[in-house]
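Student: what follows is a predicted structure for the sequence shown.
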Amino acid sequence: MRALQDELFATLAAQGHPHVRARHGTVLAYLNADGARATELSARSGQHKQIVGTIVDELVDLGYVRREPDPADRRAKRIVPTAHGLDEIAKAHAILAAIEHRLEHALGEQRFATFREGFEEITHHQRAWRQHRDQPM
């Protein structure tokens, strides 16, 4: 996983996003063009709201996102990607798709599908563990 992240962020840097780091994926990987509340990003990423808030602050400073009033609740804020943020999100998706395609070619379609299925199952189990761990007793 670490080697995949290294390739992703090195390629993003070469494509105009040198300041994005793995921790920023806590927000950028779960954000769409319409934006989301910090609580939604926290739930999607499995990170605490305070961590998401800190990362959002960094991304605001870097010009990747902005905070806007939520049209459904003016007291709440939505985290919305800027044009620069949308460019990073699109490039990250394309880079990851290219990496997956290369790995599928290297392993073969069936082996890669089996790997991916197993990895998704492991991810599901780990998220369930995290939810169980974070529930108040």
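Tutor: Yes, it's here. Residues are numbered from 1 along each chain as shown.
Student: what average pLDDT does the lengthiest strand in the chain get?
Tutor: In the chain, taking DSSP state E as the definition, the longest strand is strand 73-81. Mean pLDDT, strand 73-81: 91.
Student: flag every buried residue along that strand.
Tutor: Within strand 73-81, the residues that count as buried by 16 or more other Cβ atoms under 10 Å are 77, 78, 79, 80, 81. All C-beta atoms are positioned from the backbone trio N, CA, C, and that covers glycine.
Student: with stretch 94-101 instead?
Tutor: Neighbour count says stretch 94-101 has residue 95 buried, by 16+ other Cβ under 10 Å.
Student: what sits up against that stretch?
Tutor: If you take Cβ atoms under 8 Å, 6 or more residues apart in numbering as the criterion, stretch 94-101 is touched by 4, 7, 8, 11, 12, 15, 112.
Student: for the most centrally placed residue in the chain, give me its contacts.
Tutor: Note on the chain: the residue nearest the mean C-alpha position is residue 29, at 1.9 Å, using Cα atoms, centre = their mean. Listed by Cβ under 8 Å, 6+ apart, the contact set of residue 29 reads 45, 92.
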